[in-house]
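Asker: coords please:
(one chain, ligands or ions: 2)
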Amino acid sequence: MTIVRLPDTIVNQIAAGEVIERPASVVKELIENSLDAGADRIEVITAAGGKNLIHISDNGTGMTRADVKMSAERHCTSKLADDLLDIRTLGFRGEALASIGAVSRLCITTRNGAESNGWRLEVAHGNILAEQPAAHAGGTSIEVADLFAKLPARLKFLKSDRAETAAIAETLKRIAFAFPQVGFSLVADGRQRFDFQPADQAARVAQIMGNEFAENALVIDAGREGIVLGGFAGLPSFSRGNAQSQYFFVNGRPVRDRVLAGALRAAYADVLARDRHPVAVLFVEMPSGQVDVNVHPAKAEVRFRDQGLVRGLIVGAVRQAIAGDGFRGSTELSRGLAASFDGRRAQARPAVSPGRDWRQSANLPLGGPPSASGLAEDQSTFDHSTPSGEVAMSEPGDADHPLGAARAQLHENYIVAQTRGGLVIVDQHAAHERIVYEALKKGLDRNVASQMLLVPEIVEMEADEAALLLDHREELLRFGLAVESFGPSALAIRETPAILGEVNGAALLRDLVDRIGELEVGEGLRSQLDKVASTLACHGSVRSGRRLRPEEMNALLRQMEETPNSGQCNHGRPTFIELSLRDIERLFGR
Ligand code: ADP
Ligand code: MG
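Answerer: Ligands and ions are numbered 1, 2, ... in the order given. Sure, this is the predicted structure:
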């Protein structure tokens, strides 16, 4: 056995494996260098998902001849930090250019303002080919071609050109959030994907996420013990089916971090279904000694000195913003609605024949194409004994409330109310669910009033399910739900929360078993209780499907206005939608 020292080219290739995983990692490293060099305009051009070509040009400081020579050597950096816990530049490891040069053909063209001409350095798969003077206007242009061409094993792991292009675009966007004052453009395979002009923070978020998000986001602005949290969090009703639209930044560095993602999830736990994910762009600023960014070569992970503090700040601030704004429905929803009943489309529906009763087409918006019995149904649910016009008259001030004055109830579940600027349609069931949920949570501290059942309801279930519920007997009791053992595989319900009215005990207990079964170990008692409350609230459908009197409708609207988070039910569905007069006029082409 003979031990030999690995040649530099091999060492660099091994090291490159950690830093350069795919074309998007090249883009990330090069952009970070441009930003560290003070550029405020960065242009990226790619071909074949970056596998054939990545070209990045910036208007930063550029490099002198001496610098460019060393720039592609390993562990050579101009950003030396005395203290790895106090890092203020994006790069600091002096590895990126060496790594990229080890696994591609790299060509750097640059000119520093102090020198009269520029320089070009060419590196191919670890070997420096040439270093010569070159004409260059200023700043730095870097070309990376044939990435991984000599490493077929790596090449095999790359995804399709489209997927790699998408990853590059995503990487660029993440960085663009953090540097709104810098212009970024991406041209991939000859097509301009975006061109973000320099902007302020809010405008940049809108450039990247779209105006829709900007209009449906809450501003987050909070601080605690030297940590500052800013950014935007989407309304619960603006949620998504996956967690990809969540962007976190720590001291300006885009990160993927479990602590931050977990905190965001916790902040929305109350207002979103488990399979929905909030949309958010959050910036955390903290003294550099409080966070370690040198955890991973790609610098995408961080370690907080006090993660409880960071988590608490996010959960608290986001929750507060949601609660404070529980009232805004999602404009996306009402807009989509308005678009969906565009007059021409309604006419194209075969169900609507010309000359039909006008009331039927007026019903289109709520129920879609009217069924054959549509009209009859509507007549039966419309309460003719109280002409709708009079409802508002009884309470002249109602129209001034945000949710307006109730005018009618349709299909025994939808309350139509007139507001100052338009109309509101409330899903009575969803609204009630939220109100009950908030009432249960509020009642927790003083024990929720219960109602004794005349005859206990016996619910059969698996022995271990019964045991699970009995383990949580005390918690359930706090909500006014009293259960006790009834033989090995049944429970007896003696009392139920009064606010729920009549409940289907078997269905309720089954849901509780599911929900309690999935509680995470170590989850705080408070959040466990919230989950129980949310489960209970689903079963308190006392008012849904019930015809309401005008006073009851208005009372429900007023209750919603006072209830935190009342813009959505516990599953994140909206409890009401609002159509402005302008939207309505647009629908009629006025
Ligand atoms: P690091 O960024 O960690 O210092 P890199 O390998 O990414 O390591 O870059 C090495 C050095 O090359 C940097 O420290 C910087 O001095 C120089 N450099 C790289 N890219 C640029 C650029 N776009 N403009 C100016 N200087 C650059
Ligand atoms: Mg770098």
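Asker: please make it C-alpha for all contacts and neighbour counts, starting now.
Answerer: Will do.
Asker: relative to residue 414, how far out is the closest residue to residue 22 other than its chain neighbours?
Answerer: The shortest distance from residue 22 to any non-neighbouring residue, by CA to CA, 6 or more residues apart in numbering, is to residue 158 (6.7 Å). Residue 158 is 51 Å from residue 414, where distance means CA to CA, to the nearest Å.
Asker: which one's more surrounded, these two?
Answerer: residue 414 (21 against 16; other CA atoms under 10 Å).
Asker: got the phi/psi numbers for that one?
Answerer: phi -110, psi 120 (degrees, to the nearest 10).
Asker: who are the contact partners of it?
Answerer: Residues near residue 414 by CA atoms under 8 Å, 6 or more residues apart in numbering: 425, 426, 427, 428.
Asker: residue 323 - that's part of a helix, no?
Answerer: Yes. Under DSSP: H, G, I helix; E, B strand; the rest coil, residue 323 sits within a helix.
Asker: how deep is it tucked in, by neighbour count?
Answerer: A count of nearby residues for residue 323, using other CA under 10 Å, gives 16.
Asker: again, but for residue 552
Answerer: If we define neighbours as other CA under 10 Å, then residue 552 has 12 of them.
Asker: separation between it and residue 406?
Answerer: 9 Å.
Asker: cool, residue 135 as well?
Answerer: Separation of residue 135 from residue 406 (CA to CA): 73 Å.
Asker: mind checking which of the contacts of residue 414 are buried?
Answerer: Buried members of the contacts of residue 414, scored by 16 or more other CA atoms under 10 Å, are 425, 426, 427, 428.
Asker: any chance of the residues you listed in a markdown table, with distance to ligand 1 and pLDDT too?
Answerer: Shown next, in a markdown table, are these (distance: CA to the nearest ligand atom, whole Å; pLDDT from 0 to 100):
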| residue | distance to ligand 1 | pLDDT |
| --- | --- | --- |
| 425 | 55 | 91 |
| 426 | 55 | 90 |
| 427 | 55 | 88 |
| 428 | 57 | 87 |
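Asker: dump these to CSV, plus distance to residue 218 and secondary structure.
Answerer: Below are the buried ones among the contacts of residue 414 laid out as CSV (distance: CA to CA, whole Å; DSSP: H, G, I helix; E, B strand; the rest coil):
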residue, distance to residue 218, secondary structure
425, 23, strand
426, 22, strand
427, 23, strand
428, 25, helix
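Asker: also within reach of ligand 2: list those from those residues.
Answerer: Residues of the buried ones among the contacts of residue 414 in contact with ligand 2 (CA under 5 Å from the ion): none.
Asker: nearest spatial neighbour of residue 163, skipping sequence neighbours?
Answerer: residue 49 (7.3 Å).
Asker: separation between that neighbour and residue 572?
Answerer: From residue 49 across to residue 572, the span is 37 Å (CA to CA).
Asker: ok, now residue 233?
Answerer: Shown here: residue 233 relative to residue 572, a distance of 14 Å by CA to CA.
Asker: likewise residue 205?
Answerer: Distance from residue 205 to residue 572, by CA to CA: 23 Å.
Asker: try residue 476
Answerer: Residue 476 is 24 Å from residue 572, by CA to CA.
Asker: just residue 122 next, same as before
Answerer: In terms of CA to CA, residue 122 sits 55 Å off from residue 572.
Asker: looking at the two, which has the bigger crowd around it?
Answerer: residue 572 (26 against 20).
Asker: which positions in this structure make contact with ligand 1?
Answerer: By CA under 6 Å from any ligand atom, the residues of the chain that approach ligand 1 are 33-34, 37, 60-63, 71, 76-79, 91-98, 140.
Asker: drop anything exposed from those.
Answerer: Neighbour counting with 16+ other CA under 10 Å marks 33-34, 37, 60-63, 71, 76-77, 91-98, 140 as buried within those.
Asker: which ones among the residues you listed also lie next to ligand 2?
Answerer: Among those, ligand 2 is touched by 33, 91 when using CA under 5 Å from the ion.
Asker: which members of the buried ones among the residues of the chain next to ligand 1 are positioned in strands?
Answerer: residue 140 (DSSP state E).
Asker: show me what contacts the closest residue to residue 39 other than its chain neighbours?
Answerer: Excluding its sequence neighbours, the residue lying closest to residue 39 (CA to CA, 6+ apart) is residue 60, at 3.8 Å. Shown in contact with residue 60 (CA under 8 Å, 6+ apart): 34, 35, 37, 38, 39, 40, 138, 139, 140.
Asker: and the two most separated of the residues you listed?
Answerer: Spanning the widest gap among the contacts of residue 60 are 35 and 138, at 14.9 Å by CA to CA.
Asker: per-residue pLDDT of the residue nearest to residue 22, please?
Answerer: Note for residue 158: predicted pLDDT of 92.
Asker: quick one: it and residue 167 touch, right?
Answerer: No. With contact defined as CA atoms under 8 Å, residue 158 does not count as touching residue 167 (11.0 Å).
Asker: so residue 552 versus residue 415, what's the distance?
Answerer: From residue 552 to residue 415 the distance is 11 Å (CA to CA).
Asker: and if you look at residue 448?
Answerer: To residue 415, residue 448 is 28 Å away according to CA to CA.
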